[in-house]
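J.: The sequence and its predicted three-dimensional model are supplied below.
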Amino acid sequence: MDQRMGEAYMAVRAASESHVDAVYLVNLLNQALAEYEAGEDPDVILAHLDTVIVLAAEETARGAEARNNLLLATGAQVALAGVMVYATWRHLPRLFWRRWLRVRGGWLVEYADR
């Protein structure tokens, strides 16, 4: 029983360290501990602990998947920002001067000898 409680605690701790919301898991673990202290049926307590372990494993996997998705999204945003900076650096002066010549075009230039 104590070993299973230790496994459940470590599973909840691993889920918490993977940056997921572990409040529900902590509440289930506290409920199982309260039942243990009250001297209830060990089979029921073991079933609750098994549920905590399974749910914690699922939450840990979900947290790892969310972290991977965040890394991919961040990488895509950085790449897009780099492309935008390069495109602006490369093409904006040309677009600016074309627009300038359309608006201010038609100038007459005279040679002045000084």
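T.: Done, it's in.
J.: And the next helix or strand past the helix or strand hosting M10?
T.: Assigned by DSSP states H and E, M10 falls within helix 2-17. For helix 2-17, the following helix or strand on the C-terminal side (DSSP H and E) is helix 23-38.
J.: chain center to the helix or strand harbouring R90: distance?
T.: Using DSSP H and E, R90 maps to helix 42-104. Its chain's C-alpha centre and that of helix 42-104 lie 7 Å apart, by CA atoms, centre = their mean, to the nearest Å.
J.: cool, stretch 99-114 as well?
T.: So, by CA atoms, centre = their mean, the centroid of stretch 99-114 is 55 Å from its chain's centroid.
J.: That stretch: which residues count as buried?
T.: Using 16 or more other CB atoms under 10 Å as the test for burial, stretch 99-114 gives no buried residues. From N, CA and C alone the C-beta is placed, and that goes for glycine too.
J.: just to revisit the earlier point, between the helix holding R90 and helix 2-17, what angle do the directions make?
T.: For helix 42-104 against helix 2-17, the angle by axes from the mean of the first three to the mean of the last three CA atoms, to 10 degrees is 10 degrees.
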